[in-house]
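A.B. asks: Okay, here's the prediction I keep looking at, along with the sequence it came from:
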Amino acid sequence: MKAHPKSADAFAKARRLMPGGVNSPARAFGAVGGEPIFIDRAEGAYLWDIDGARYIDYIGSWGPMILGHAYPPVVEAVRDAALRGTSYGAPTLAENEIAELIIDCVPSIERVRLVSSGTEASMSALRLARGYTGRELVIKFAGNYHGHVDSLLVAAGSAAATLGAPNSPGVTRGAAKDTLVLPYNSPSALAETFARCGDQIAAVVFEPVCGNMGLVAPTQAFLKALRDLTRQHGALLLCDEVMTGFRLSLGGAQQRLGIEPDLTMLGKIVGGGLPVGAYGGVSGVMAHVLPEGKVFQAGTLSGNPLATAAGIATLRALRDDPPYERLEALTARLEAGLNEAVAASRATARVQRLGSMITLFFSAEPVTDWDTASRCDTARFGRFFWEMMDRGVYLPCSQYEAMFVSAAHTEQDIDQTITAAHEALR
Ligand code: PMP
């Protein structure tokens, strides 16, 4: 592993200042047996660390940077907004504009509420579903991650899975007991649970395409069971598009796969790299949110002018010059190259992709749920990760995260990545 002396010094100091030296566990590189690289700046598809090394970036801030880093219209919009004051705590025209953009893009959203993170979006949508139905139980799927909401931090994916705490201390039995955890992609488990206690279920929360156990696509049968059973039993279907929204198509996974959720959670891309989340859906359900309805939800910085400006600039760019065909082609090229590298090295590995989300699993079998994901060779992934890092390719630091390709990546970046993968796997 190459030395990163400035990052090593910075991390030693960070550990004294912050738990684990980081402000979010997914960054700590714990799962790949090493220390994180400190980033100095980013532009387009590249990151530069504080030791001066350049990397092709496949994290994209864990999803938001679909247009690449420091995308000029976003930078300008944030600069202009800052000069007019960073926060007012009062309504602005920009909030109308971003709400209209979201509603125009995402098929099932008729009205929307802005928050400041994906976690807040999940927490609020779940409270709304419970307030609306008057029921308490929620179904979630093992390996899906919906932010660190107490009642959803049960059998959670992403950093929770990676770091061995899918069920966090501090989540009370009370909060966890209303959460039923089922395997992803299992229509029969869902049907059995609804048959048993369907009249008590407020909501089913799911990732329409899962990125938080690596890239796992849903089967059509699973998607159909989700919609049919929730409708039959009067439960709401909550589609967590924090990762997939504006990524798998302008209208997210729901547009691409034909899903009709009652409520949708958004985050990441909707804020263009600034803190924005949102939840929205059927107008009649959204009418139950305070002050129109009685379900409480609020935020000092909700609809913040800087964050909203970045979101608007991003969504406008995606609407006016959609990058989705290009993203599909670039990521298909990466998929083909990684498959060749796997075949050439005879590694026990497989590539799974949907749109611009892709994972190289060190697994002998297809990964379809948490059970199969948990059998991956994570130690081997860790070695692969550092071999790629040494070759200037920055991958998510866990087997259980998807890589994201951005519109700023070039064919040359992809080919360089494939060459690195050939060497790394060998
Ligand atoms: N839902 C999904 C599907 C996510 O991937 C994430 C974050 N990776 C969240 C919710 C939580 O979002 P945030 O980190 O902005 O709170």
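C.D. replies: Alright, I've got the coordinates.
A.B. asks: who's in contact with residue 241?
C.D. replies: Residue 241 is in contact with 106, 208, 252-254, 264-266, counting by CB atoms under 8 Å, 6 or more residues apart in numbering. (Glycine included, C-beta is placed from N, CA and C.)
A.B. asks: and the residue of the chain nearest the ligand?
C.D. replies: Across the chain, no residue is closer to the ligand than residue 118, which sits at 2.2 Å (CB to the nearest ligand atom).
A.B. asks: Spit out the contact partners of that residue.
C.D. replies: So residue 118 contacts 146-147, 240, 242, 265-268, 277 (CB under 8 Å, 6+ apart).
A.B. asks: Check residue 39 too.
C.D. replies: By CB under 8 Å, 6+ apart, the contact set of residue 39 is 47-50.
A.B. asks: Are any of those residues buried, and if so which?
C.D. replies: Among the contacts of residue 39, those classed as buried by 16 or more other CB atoms under 10 Å are 47, 49-50.
A.B. asks: Any chance of those residues in JSON lines with pLDDT, distance to residue 15 and secondary structure as columns?
C.D. replies: Formatted as JSON lines, the buried ones among the contacts of residue 39 follow (pLDDT from 0 to 100; distance: CB to CB, whole Å; DSSP: H, G, I helix; E, B strand; the rest coil):
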{"residue": "47", "pLDDT": "98", "distance to residue 15": "22", "secondary structure": "strand"}
{"residue": "49", "pLDDT": "98", "distance to residue 15": "18", "secondary structure": "strand"}
{"residue": "50", "pLDDT": "98", "distance to residue 15": "16", "secondary structure": "coil"}
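A.B. asks: on that earlier part again, now flag whichever of the contacts of residue 241 is closest to residue 390.
C.D. replies: Taking CB to CB as the measure, residue 390 lies nearest residue 253 of the contacts of residue 241, at 34.2 Å.
A.B. asks: Kindly report the residues of the stretch 51-200 of the chain close to the ligand.
C.D. replies: 62, 117-119, 122, 145-147, 158 (CB under 6 Å from any ligand atom).
A.B. asks: need those in TSV with secondary structure and pLDDT, can you?
C.D. replies: Below are these laid out as TSV (DSSP: H, G, I helix; E, B strand; the rest coil; pLDDT from 0 to 100):
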residue	secondary structure	pLDDT
62	coil	97
117	coil	98
118	helix	98
119	helix	98
122	helix	98
145	coil	96
146	coil	97
147	coil	96
158	coil	72
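A.B. asks: Give the buried subset of those residues as a ChimeraX selection command.
C.D. replies: A single ChimeraX command selects the buried members of these (16+ other CB under 10 Å):
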select :62,117,118,119,122,145,146,147,158
